[in-house]
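Asker: Predicted model follows, preceded by the sequence.
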Amino acid sequence: MGEKPVTAVAGIGDTLGKRLEVEGFDRAYVLFGQFLLLKTDQELFCAWLKDICGANSKQAKDCHTCLAEWKDQFM
């Protein structure tokens with residue numbers, strides 16, 4: 001994950017990425033930290049992502065799946 005921008009995460013395009021950056025989530029690892037704080041719960045994380053940046057259901061689910069797969073592979 002390293003220093004990749006938040007837009008490197010599946011489901012997060014340029015528009016959502018800019019909205020997340022404004023809220024302080026400028027890097028993939030910062031978004032991953034929020035994912036962990038929400039205990040990797042899909043429902044909680046997707047609801048949070050929709051609230052914070054206006055993601056739709058597919059974008060939120062894609063993002064959660066991406067982060068969950070990364071966690072399963074590397075942690």
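Answerer: Right, received. Where do you want to start?

Asker: C-alpha from now on. contacts and neighbour counts both.
Answerer: OK.

Asker: State which helix of this structure is the longest.
Answerer: For the chain, the longest helix by residue count, based on DSSP state H, is helix 57-74.

Asker: which residues are in contact with it?
Answerer: Applying CA atoms under 8 Å, 6 or more residues apart in numbering, the contact partners of helix 57-74 are 9-12, 32, 35, 40, 42, 45-47, 49-50.

Asker: can you put those in JSON lines and add secondary structure?
Answerer: Output for those, formatted as JSON lines (DSSP: H, G, I helix; E, B strand; the rest coil):
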{"residue": "9", "secondary structure": "coil"}
{"residue": "10", "secondary structure": "coil"}
{"residue": "11", "secondary structure": "coil"}
{"residue": "12", "secondary structure": "coil"}
{"residue": "32", "secondary structure": "helix"}
{"residue": "35", "secondary structure": "helix"}
{"residue": "40", "secondary structure": "coil"}
{"residue": "42", "secondary structure": "helix"}
{"residue": "45", "secondary structure": "helix"}
{"residue": "46", "secondary structure": "helix"}
{"residue": "47", "secondary structure": "helix"}
{"residue": "49", "secondary structure": "helix"}
{"residue": "50", "secondary structure": "helix"}
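
Asker: Show the pLDDT at the closest residue to residue 35 other than its chain neighbours.
Answerer: Excluding the flanking residues, the one nearest residue 35 by CA to CA, 6 or more residues apart in numbering is residue 45, at 6.3 Å. With respect to pLDDT, residue 45 scores 98.

Asker: Could you count how many residues lie near residue 45?
Answerer: Residue 45 is flanked by 21 other residues according to other CA atoms under 10 Å.

Asker: Is it in contact with residue 33, as I believe?
Answerer: No: contact criterion CA atoms under 8 Å: residue 45 and residue 33 do not qualify, at 11.2 Å.
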